[in-house]
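1. no sequence for this one, just the structure:
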């Protein structure tokens, strides 16, 4: 079993609404995966299912080869989860937070936690609520890493941080990956820097997975084609069209190419990851508008 | 402290791992890195650039399979003792003639863009011949 995190046709329904549906993915050990999607696509639902905070309505989820519910006692100590709001007790000092972590976690690495707090110059005696957002995020991350997890799940970890704190936070995460065997899955709607930080990508849209894979392969397989108007049929049979738009005399297609595009009538352009992700998210938005209209 | 510092050009369109590979190659060619020298550790690169450690590992893997670097278990990655030698005397000569060429090009009234266009045109046709 090589996947650190996998789901099969996973779904979660609240009442009559599916928050996540038909989600199948596999995330290899040692990878850093970005989970991308519009608000309401089911990113948080997926992560909560992974740590057993909610139960699937359909399908299955495995973390480190284990069921987060049935095998909770074995699985959960090895999974670190940091919720979006970086939950900490505001009235506790940093030192008291460390003590809480030590008491609650059997595999707690107190030495590493204290070394990190010192390295980041975080004041041990200050109350958590008086720290800056970036400092709070770092304390929360320190607590999560001190569990020595094999799988680290981060829900929008940097959404509330300024650019410098954002970079410092990701630096800390990546250093942890460099130091030991650690798989990271982070949800984000910040697309800049994704390619630097992550090696795998999952796009969730309308509660379904759209695209899963190594970022390098995703970038290599997507192309922007421009060519004569109303001549797209043949290309569309060969390749998967993600987005198409038409000018009076020209058609532009963003495709997931199955092999080379040999057709000489089309000019082929390369794309960066951000453009590809935006195309998928745009497709999702268009589909939702259609659903509302019909 | 690391012997060299990597830097990234996010607008170049060149994948991050290839930028690292090129920078090590250049440093070896220019004699900044010599056989037996240690490349920055993965942790050092991650700390300075905030990039994915797997990207650094990939770059070092490429350098190893190209015969430029070698991994030593538990120690890190080093410039191979048999790595291609720096360019030496020829290098100085080539640099001087290139400098002359730039002076001539400016004297002939070429602007930066024209110079760049000419250079890249010649570079790619020379590569085709080689």
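-> Yep, it's here. Quick caveat, the model's predicted, so the values are computed rather than measured.
2. CA only for contacts and neighbour counts going forward, please
-> Noted.
3. Show me the strands in chain B, by range?
-> Along chain B, counting by DSSP state E, strands occupy B:69-72, B:76-79.
4. The stretch 101-250 of chain A too?
-> A:151-155, A:183-188, A:200-205, A:208-214, A:222-228, A:240-246, A:250-256 (DSSP state E, counting those that start in this stretch).
5. Could you save those strands as a markdown table and add columns showing distance to residue A:288 and mean pLDDT?
-> Listed next are the strands of the stretch 101-250 of chain A as a markdown table, based on distance: least, C-alpha to C-alpha, whole Å; pLDDT from 0 to 100:
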| stretch | distance to residue A:288 | mean pLDDT |
| --- | --- | --- |
| strand A:151-155 | 24 | 96 |
| strand A:183-188 | 21 | 94 |
| strand A:200-205 | 10 | 91 |
| strand A:208-214 | 13 | 84 |
| strand A:222-228 | 23 | 89 |
| strand A:240-246 | 15 | 87 |
| strand A:250-256 | 20 | 90 |
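6. As a markdown table, those strands with mean neighbour count would be great.
-> Formatted as a markdown table, those follow (neighbours: other C-alpha atoms under 10 Å in any protein chain shown):
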| stretch | mean neighbour count |
| --- | --- |
| strand A:151-155 | 24 |
| strand A:183-188 | 24 |
| strand A:200-205 | 25 |
| strand A:208-214 | 19 |
| strand A:222-228 | 21 |
| strand A:240-246 | 16 |
| strand A:250-256 | 20 |
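7. backbone phi and psi for residue A:32, please?
-> Residue A:32 has phi and psi values of phi -120, psi 110 when expressed as degrees, to the nearest 10.
8. beta partners of it?
-> residue A:184 (DSSP bridges).
9. Give me the contacts around stretch A:108-124.
-> With C-alpha atoms under 8 Å, 6 or more residues apart in numbering or on different chains as the test, stretch A:108-124 has contacts from A:93-95, A:98, A:101-102, A:135, A:139, A:142-143, A:145-148.
10. repeat that with 6 Å
-> Residues from elsewhere that reach stretch A:108-124, judged by C-alpha atoms under 6 Å, 6 or more residues apart in numbering or on different chains: A:94-95, A:102, A:142, A:146-147.
11. So which elements touch the worst-scoring helix or strand of chain B on mean pLDDT?
-> Least confident helix or strand of chain B, by mean pLDDT, DSSP states H and E, is helix B:112-129 with a mean of 83. Judged by 3 or more C-alpha pairs under 6 Å, 6 or more residues apart in numbering or on different chains; DSSP states H and E, helix B:112-129 is in contact with no other helix or strand.
12. how far is that helix from where the chain is centred?
-> In terms of C-alpha atoms, centre = their mean, to the nearest Å, the centre of helix B:112-129 is found 19 Å from the chain centre.
13. isn't there a helix covering residue A:281?
-> Yes - under DSSP: H, G, I helix; E, B strand; the rest coil, residue A:281 falls within a helix.
14. what about it, neighbour count?
-> By other C-alpha atoms under 10 Å in any protein chain shown, 21 other residues sit near residue A:281.
15. Ok, the one 3 residues further on next?
-> The local packing of residue A:284 (other C-alpha under 10 Å) involves 19 other residues.
16. Pairing partners for the spatially closest residue to it that is not a sequence neighbour in the sheet, please.
-> Distance criterion C-alpha to C-alpha, 6 or more residues apart in numbering or on different chains; nearest residue to residue A:284, sequence neighbours excluded, is residue A:205 at 6.0 Å. The partner list for residue A:205 in beta bridges (DSSP bridges) reads residue A:208.
17. from memory residue A:205 sits against residue A:41, does it?
-> Yes - the pair residue A:205 and residue A:41 qualifies as a contact (C-alpha atoms under 6 Å) at a distance of 5.1 Å.
18. Next to chain A, which bits of chain B? Give me the list.
-> For chain B, the residues in contact with chain A (C-alpha under 6 Å from any C-alpha of the partner chain) are B:43, B:50-53.
19. And the closest residue in space to residue A:28 that isn't next to it in sequence, how close does it get to chain B?
-> Leaving aside its sequence neighbours, residue A:28 sits nearest to residue A:3 (C-alpha to C-alpha, 6+ apart; 4.4 Å). Note on residue A:3: its distance to chain B, by C-alpha to the nearest C-alpha, to the nearest Å, is 17 Å.
20. contacting residues for residue A:59?
-> So residue A:59 contacts A:8-10 (C-alpha under 6 Å, 6+ apart).
21. Just give me the closest of those to residue B:79.
-> residue A:8 (45.2 Å; C-alpha to C-alpha).
22. element containing that closest one, please.
-> Secondary structure from DSSP states H and E places residue A:8 in strand A:3-14.
23. Among the residues of chain B next to chain A, which ones are in helices?
-> B:43, B:53 (DSSP state H).
24. As CSV, the residues of chain B next to chain A with neighbour count and pLDDT would be great.
-> Output for those, formatted as CSV (neighbours: other C-alpha atoms under 10 Å in any protein chain shown; pLDDT from 0 to 100):
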residue, neighbour count, pLDDT
B:43, 18, 92
B:50, 22, 91
B:51, 27, 94
B:52, 29, 94
B:53, 29, 95
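25. Pick the one among the residues of chain B next to chain A closest to residue A:236.
-> Nearest to residue A:236 among these is residue B:52, at 35.0 Å by C-alpha to C-alpha.
26. Report the spatially nearest residue to that closest one, omitting neighbours in sequence.
-> residue A:197 (4.8 Å).
27. And the pLDDT for that neighbour?
-> At residue A:197, the pLDDT value in this model is 92.
28. That one and residue B:50, how far apart?
-> 7 Å (C-alpha to C-alpha, to the nearest Å).
29. Would you tell me which residues of the stretch 151-294 of chain A are close to chain B?
-> Residues of the stretch 151-294 of chain A lying near chain B (C-alpha under 6 Å from any C-alpha): A:171, A:178, A:196-197.
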